[in-house]
Every structure is written in structure tokens, then in C-alpha cells.
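> Fold the stuff below for me.
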Amino acid sequence: GMAARTPESASPEQVLGEPITTASDVYSLGVLLYELVVGRSPYGDSVDTPAALVRAICEGRPERPSDVRRRGTFGDSDTSGPLATPRALRRELDWILLTALRKEPERRYASVDELAEDLRRLLNARPVHAHPDSWHYRTGKWLRRHWALATAAVLVVVALAGGLVARTPETRRAEQAAAESEATTEFLASLFFSANPYGSDAATNETTARDLLDLGAERLRTELADQPRVQARLSEQIAEIYLDLNLPQSARPLLEQAAAARARIPDDRKALTGTVFFQGRLEAELGEFERAVELLSRATTMAQEAYGADSPVVAIPLYEKAHCLRLLGRWDEAEATLDRVIAIREAEDPPSLSALGLAHSELGVVVAARGDLDAAERHQKDALEAFRQAYGDRHPETAGVQRRLAAVATMRQDFATAAAAMREVVEVDRSAFGVDPKVAGDLVLLGSALRDNGELEAATAAFEDALATLRQVDSSDGGVAASAKAGLGRTL
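Purely as a prediction, here's the structure:
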């Protein structure tokens, strides 16, 4: 088997420390193909801690790709996407991907070659091995491969009865979606075959995934020009995987290509809004905050035109824009933008508590930087209440707001309150993340608050606990280690 994997592509047996076989490689490639086809991890968007990821890998059942594609943020849904129709193709892609992702190794494809063979069979309209044999299924495949022969007599009867039925708009849309389905599947399958990274000399699964992505990105520059919707979606999905691999520079040209492709589609304005938003977030991740503000402003205008000025969709790019404005030190603009986000979120019925909490917490940081600690505390408490309703008391997101409240208390020199808040943060994060550098960082903040409050023995214990945690995980986070050592030195 392949030794190194990115965490989300690890197989259940790898997570559990069991023997790794070729079936483990099939699982990891299944994760990658799922992300390419669907545009997100098979474990969904709610996996936000290492412990939750382990549970999802070992126990969770991936949602059918076709069901995921029915949903989309900026209008990119299954009604127009490449997995919309035909129904049989959508169903067979589900079977192939979910077979590769079965929890039990013996129930997956026995090898990568078998997975590739099923993709070939799908392209050639032959029965795939991922589904049990049935007369109805095999007959349907034969009819599709020999459609002209099978329908000749039917067409004669229809013609004699009064002529062929005219092509309706619905028919044309179905034909377009079917063509997009075929183009998507053919591109992914041919990419899978031509990459050929599965020989015995393949070093790691991470390398295999990178090779596959790089080849896909290169081919997308020249292929599928006649299918701009497919080209855009695949470009965005590969870009998102590059970001998951912490390769944002590789994602940038793909998003530019996706935006250019969507601009050529007359009825794709909502999806183009999402692409421009994605570009803005990427520029922010790269530290290009001025460019990010420009793109996010454009995405906001487009969202207002497509969805209405007060739509919750408008709040999405507005929030990201406000974050960038804060990082640029443009406090007045950031505050005004966040006020608008909060107004939109509060008008939702029912409100999106997590989004409302994020906006209040971000605004709390902005006003704290301007010295208004009363307003900062008020907004962080509003955020804490929203997150408690959304996630509960013992969730990392809730703990994150507690950490910001501790920072406000420290600015007020209310060190007892800061220490109490950080104790809760340490407890929640330790439960969620276990032995982790994040917990070490929390312990350093706790130690600082305890020291400033005069609790020197407890502060010493917190700093020593932070250093012990870093040693356990063999962390290279020198900043946290240096802070812990400095804090310990000032406390002793």
C-alpha cells in the first residue's frame, strides 16, 4: 500500500492502524474522484475536528454524489449541472464512487485497475461491476449501445401514427444536460487513465493525487472549450482540492479560467457570482487583500442583481469583504459592512445562527481595535449566544468566541475573567482535538492570564502543560513553544 496520505483521503483501516492493502489505495482515490465529481469531501461540511473526521471515515456513510449535486450556493445545482441527467448515468456514477468508498476493504474494488475498468465500462455504456447483475439493468445497457437498432421499429410506428413529436424546450435542456454529463464523465475517466500513476514505483498516494490534479489542470486549459459549464465546474473543483492541499497558487489560474468560461454562458449569472466570490476568497488566502476586496465587491454587486439586495446570499461576500477590510486596517468600512451583514442575517427567517455569530464576532474584533471595549464585549457576547444555540456549549466554534472574550477581558486588565474564559476554551479544545498544538496555544494564553492575575503556581502548570503537549506531538510550532518558554521564565 501507499504510505503517506492527506488526512481526509485516509482509509478506515489506516485510521484504525490495521494492515494497508491495495484496497486502501482504492479508497483514497475514491475520495479524490468524489471531490472532483461533487466538489466537496465525501464527509460533508460538518467535519470540523480531527475526532469528527475519524468518526466520519470509520462510521459515516458518504452521501450519494447525485444528491449532493442537487444543492449549491450560487445557483449551481443539479437542475443544470453535469450530473443532472441522464438518470442512469447519475446512478452509475453513484455506484462506482460509493463502491470505492465502502468501509470494508473486501467490499471495495480489489484494485485500482478494477476501478478504472468500471469507469471504462461506464464510458462505453456497458454494465458496471459496481452493481449486481439484473436483467433489467443489462437490457437497459444493451438498448443504449444499440439505440438505433432498438428504436427503428418504434420510429416507424410513430411516423405512421402521425409524425414525430417536436423537440420541446425541456427536451433541449435535457439533451444539453446529458451532453454535459457525458463530457464530464469522459474527461474524468480519460484523465484517470492517462495519468497512470499507479505502478509499483508510485511513491505515495499524495504524489498520485497531485499528479492527477496537475494533469487535469493542464488539460482543462485546452479541452472542453465547447462545454464551458463543464470546464468551469471542473476547474473550480480542482482548484478547491488544490486549496485543501495548501496549494493556493495552483488554484488561481483555474479560477480565472472558470470565470472566463462562465462569462460565456448567458444563463449562468448566479454561478458566475459564486466563481468571483471564490476568486476573492483565494486572493485573501494569498494575502492579496486589496485584490480580494475588489473581487468580493464585484461578487456582492452580482449577488444583489441576481438574488435581491436583502438576500442572505448577499451577506456571504459582504462578510468576507469586511474581514479583508479589517486586515487592511480600514476600520470604518469594515464596521459599516458588518453592520449590513448583521442586518441581513437578523432579517432571515429563521436566522442563520452560525453566520450571525461570525458577523458579531468579527465586528467585535473591529471595534476592539478602535478602542471601544464595551461594544467589543457586547458583540462577542452576542456571537457567543448565537454559537451556543447553533453548536452547543462544548464546540470549538463556541470556544473560539470565548477566546476572543478573554482577549477583551485582558485588554480591560480583568485577568480573572480572562483566565476563567480560557479554562473553558482549553477544556473544550482538548476534548475536541486531543493532544494538539492548538491546545498548546490555548494553554499559553491561559498561563498568561493566570500569571497576570497573580496565580503563579497555576500559570507555571499551564506553561509546562503547553510545552509537554508540543513535545508529545513533536510539533515544529516554534512560536507557541517560544511563548510558553518566555511565559514560564517570567513566572518562575
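> hmm, who's touching stretch 455-462?
419, 443, 444, 446, 447, 448, 450, 451, 487, 488, 491, 492 (C-beta atoms under 8 Å, 6 or more residues apart in numbering). Where C-beta positions appear, they are placed from N, C-alpha and C, glycine not excepted.
> Let's see that with 10 Å instead.
The contact list for stretch 455-462 (C-beta atoms under 10 Å, 6 or more residues apart in numbering) reads 415-416, 419, 422-423, 426, 442-453, 484, 487-488, 490-492.
> List the ones among these that fall in helices.
Among the contacts of stretch 455-462, the members falling in helices (DSSP state H) are 415-416, 419, 422-423, 426, 442-452, 484, 487-488, 490-491.
> For the stretch 51-200 of the chain, give me the ranges with low pLDDT.
Flagging of the stretch 51-200 of the chain using pLDDT under 70 yields the residue ranges 51, 69-91, 123-126, 131-200.
> mind listing what residue 265 touches?
Applying C-beta under 10 Å, 6+ apart, the residues contacting residue 265 are 80, 228, 229, 232, 271, 272.
> just to confirm, which helix or strand has the fourth one in it?
Right, the one you point to is residue 232. helix 228-244 (DSSP states H and E).
> Check which element follows that helix along the chain.
Defined by DSSP H and E, the subsequent element after helix 228-244 is helix 248-263.
> which strands and helices sit next to that next one?
Judged by 3 or more C-beta pairs under 10 Å, 6 or more residues apart in numbering; DSSP states H and E, the packing partners of helix 248-263 are helix 205-220, helix 228-244, helix 269-285.
> what number of residues lie near the closest residue to residue 423 other than its chain neighbours?
Spatial nearest neighbour of residue 423, chain neighbours left out: residue 446 (6.4 Å); criterion: C-beta to C-beta, 6 or more residues apart in numbering. As a burial measure, residue 446 scores 28 neighbours (other C-beta atoms under 10 Å).
> wait, doesn't residue 446 sit right on residue 415?
No - here residue 446 does not reach residue 415: they are 11.0 Å apart, not a contact under C-beta atoms under 10 Å.
> mean confidence score for the host helix or strand of residue 32?
Assignment of secondary structure by DSSP H and E places residue 32 within helix 22-38. Averaged across helix 22-38, pLDDT comes to 80.
> So which residues make contact with the helix or strand that it is followed by?
Next in sequence after helix 22-38, counting helices and strands by DSSP H and E, comes helix 50-59. Helix 50-59 is contacted from outside by 7-16, 27, 31, 41-44, 46-47, 49, 60, 62, 101, 103, 396, 431-434, 436, 438, using C-beta under 10 Å, 6+ apart.
> before we move on, back to that, any idea which of the contacts of residue 265 is closest to residue 389?
residue 271 (32.0 Å; C-beta to C-beta).
> you'd agree that closest one is up against residue 229?
Yes - if you go by C-beta under 10 Å, residue 271 and residue 229 touch, sitting 7.9 Å apart.
> and residue 222, how many residues sit next to it?
7.
> Just the buried positions in stretch 348-360, please.
351, 352, 353, 354, 355, 356, 357, 358, 359, 360 (16 or more other C-beta atoms under 10 Å).
> Okay, and which of the residues you listed map to helices?
Reading helices off the buried residues of stretch 348-360 with DSSP H, I get 353, 354, 355, 356, 357, 358, 359, 360.
> Quick one, grab the pLDDT at the fifth one.
Which is residue 357. For residue 357, pLDDT reads 95.
> Just give the nearest non-adjacent residue to it, would you?
That would be residue 386: by C-beta to C-beta, 6+ apart, it lies 3.3 Å from residue 357.
> Give me the phi and psi for the one you found.
As for residue 386, its main-chain torsions (degrees, to the nearest 10) stand at phi -60, psi -40.
> What's the separation between it and residue 364?
Here residue 386 is placed at a distance of 12 Å from residue 364 (C-beta to C-beta, to the nearest Å).
> Just the buried residues of the contacts of helix 50-59.
Here, 16+ other C-beta under 10 Å leaves 8-14, 27, 31, 41-43, 47, 49, 60, 62, 101, 103, 396, 432-433, 436, 438 buried among the contacts of helix 50-59.
> before we move on, back to that, give the contact list for the residue nearest to residue 423.
Neighbours of residue 446 in contact, by C-beta under 10 Å, 6+ apart: 406, 418-426, 458-459, 461-463, 465-466, 487.
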